[in-house]
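# Fold the following for me, if possible:
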Amino acid sequence: GALRGLAGEEGLETGGNKEELIARLAHNINVKKSGFLLGTGDGSDMSARGGGIQASNISADSVPKNMHQMSETHLRAVCASHGLKIPKGKSSKASLIRLIEGELYKTDDHANMFLENHEDNGDA
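Numbering: from 1, shown residues only. Now for the predicted structure:
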């Protein structure tokens, strides 16, 4: 499909599922924006191999404002584009939103308390 074509044009690995392809492409864009090439120590570029992808700098500006209206598929794409790994069994809309918001607010203790309280109460 289109994602495999884009990955191939960028010299990236074209295998994997949709979320992996999105993560690889997003990582490649972030590397280009930063001006840094992430190396593996063996002269190859980690982004070209699809390895070493970590959560990108997620911000309020990089996350859709309407997450609660998005489908599970779209939320999975948001996670993939930010390099967020979805734990097994945690792919419901509520779990995906908590994952995104948890990463977004991980440095904000008040927000973390709020998110934990809602999770304990079954809200989301």
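
# Which helix or strand lies directly C-terminal to the lowest-mean-pLDDT helix or strand in the chain?
Using mean pLDDT, DSSP states H and E, the weakest-scoring helix or strand in the chain turns out to be helix 46-49, at a mean of 40. Scanning forward in sequence from helix 46-49 by DSSP states H and E, the next helix or strand is helix 72-81.

# Pretty sure residue 94 is one of the things residue 72 touches, is it not?
No. Counting by C-beta atoms under 8 Å, residue 72 sits too far from residue 94 to count as a contact (9.9 Å). Where you see a C-beta, it was placed from the backbone N, CA and C, and this is true even at glycine.

# Looking at the two, which has the bigger crowd around it?
residue 94 (16 against 13; other C-beta atoms under 10 Å).

# and that one, what helix or strand is that in?
helix 93-104.

# how many degrees apart are that helix and helix 72-81 in direction?
Put simply, helix 93-104 runs at 20 degrees to helix 72-81, going by axes from the mean of the first three to the mean of the last three C-alpha atoms, to 10 degrees.
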